[in-house]
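A.B. asks: Following is a predicted model, sequence given first.
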Amino acid sequence: MASLEALPQNLFNQIAIELEAADLTTLALASRRLHRLASCDELWIEKISADFGNRTTVIDLLADAGVNITELVTNNPKITPWQLPKDCQQADDSDSEMDESESESESDSYSYTGSGLRCYRDRFIKVFPTSSDELVNNTKRAEAILDETKQLLRAGPDAGIEMFAEAAYRLMLVQEYFPNSAECYYLWALICFMLNDFKPSLSLLEIGHIINSDFAPIKELTAEVRSIMDGAYGSGSDAPLLNASGSGPSPQLAKVLAIMFQRLDSDRDGVLSASELSNMVKITNGQSPSAATISQIVRAFGGQVQTKSGRKIAGWDLNSLINFYVAQTLDDPQETRGDLSKFGFNPRTLKAE
């Protein structure tokens, strides 16, 4: 035991995090020093993430996609806290004296109130209830929440950010009882995917894959996300279509679209009119669109736009053209590359041929 007892808290934590909780509590009985080390609040909070999944990581990835559920999770009394209370004291009176092997700076870095162990115990009891009836009830409760969440997500990308936040939050409730649910990570990833934020989606899918590598929906969505990311951000020698954040065109695509706009703007008035947009669709799709289709395209990405002479006509400016191709790329980057080739650009390098 002497070698363990001599370890500073940070090194002890690195070893202890790999132990089973029961073994760690048994180890704490071996000596006063080991009891002190094994009572570290931060150790048990870290062990919650190691044993039951890192909630903070999920919340942060969702926030990256614009879905903020921090307040919903923090304010719900049904969700077990995974962090130390704000009023957590450094140590209680009965254990306030430092061991000789413990430095003052080490003591200042950690707390030993028992709050961390209580958080872990509360989490453990939820996941592994002693009553079989409670386990059955938890399973039914989780399945009901999952069904409700899937109903919320059936609207697809049109669901809206508030609905996505509600769905993501409900999945947190499922995780209270079943932290190793690959389906939760799949649905979180699906939310990010529908918001066209592929990097956090892929990160969530990777966690889900670690939990259950045979879960088919994760495999399918991962393949789709990777395909879009390869097409949108470029792979190998392919030039990217989008900037790093995915919120706008890459410099290469922006340059190409500026050239395309000039070519399509046959009357040089700075606006792509209905007839000029019709010509664009004919070039890319091979046939002329109906007047109704053009009106819909104008409304979706443009409107009444002022020409160089000061007149306002229904059509697109350059930003409209850029927004259209960013949206199309987020949905199908290969279609964008195909369109560029119709205008004489190499679909991979984006250079004029």
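C.D. replies: In hand now; what should we look at?

A.B. asks: going forward, measure contacts between C-alpha atoms and count neighbours the same way
C.D. replies: Will do.

A.B. asks: so how far is residue 325 from the residue in the chain sticking out farthest from the centre?
C.D. replies: Here the chain reaches farthest from its C-alpha mean at residue 309, the gap being 46.0 Å by C-alpha atoms, centre = their mean. Taking C-alpha to C-alpha, to the nearest Å as the measure, residue 309 falls 27 Å from residue 325.

A.B. asks: can you check residue 6 too?
C.D. replies: 62 Å.

A.B. asks: now swap in residue 153 and tell me
C.D. replies: Counting by C-alpha to C-alpha - residue 153 and residue 325 are separated by 26 Å.

A.B. asks: Same question for residue 161.
C.D. replies: Counting by C-alpha to C-alpha - residue 161 and residue 325 are separated by 23 Å.

A.B. asks: Kindly report the same for residue 15.
C.D. replies: Residue 15 is 51 Å from residue 325, by C-alpha to C-alpha.

A.B. asks: These two - which one has more neighbours?
C.D. replies: residue 325 (25 against 10; other C-alpha atoms under 10 Å).

A.B. asks: returning to that earlier point: show me what contacts the residue lying closest to the residue farthest from the centre of the chain once chain neighbours are set aside?
C.D. replies: Nearest residue to residue 309 in three dimensions, chain neighbours excluded: residue 269, at 7.2 Å (C-alpha to C-alpha, 6 or more residues apart in numbering). Contact partners of residue 269, counting by C-alpha atoms under 8 Å, 6 or more residues apart in numbering, are 307, 308, 309.

A.B. asks: count of neighbours near the first one?
C.D. replies: So the one you mean is residue 307. Neighbour tally, residue 307, other C-alpha under 10 Å: 18.

A.B. asks: What about it? Give its phi and psi, please.
C.D. replies: Taking degrees, to the nearest 10, you get phi -80, psi 180 for the backbone angles of residue 307.

A.B. asks: following the lengthiest helix in the chain, which helix or strand comes up?
C.D. replies: Taking DSSP state H as the criterion, the chain has its longest helix at helix 132-153. Heading C-terminal from helix 132-153, the first helix or strand you meet, by DSSP states H and E, is helix 161-177.

A.B. asks: quick one: average confidence on that next one?
C.D. replies: The average pLDDT for helix 161-177 rounds to 93.

A.B. asks: one step back: now the contacts of residue 269 in TSV, with pLDDT and distance to residue 195?
C.D. replies: TSV is the format used below for those (pLDDT from 0 to 100; distance: C-alpha to C-alpha, whole Å):
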residue	pLDDT	distance to residue 195
307	94	33
308	93	35
309	93	38
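
A.B. asks: now, which of the residues you listed sits nearest residue 276?
C.D. replies: For the contacts of residue 269, the minimum distance to residue 276 (C-alpha to C-alpha) is 13.8 Å, reached by residue 307.

A.B. asks: Can you get me a residue count around residue 208?
C.D. replies: 25.

A.B. asks: re earlier: now the residue nearest to residue 309: how far from residue 306?
C.D. replies: Distance from residue 269 to residue 306, by C-alpha to C-alpha: 9 Å.

A.B. asks: And for residue 9?
C.D. replies: 67 Å.

A.B. asks: All good on my end, thank you.
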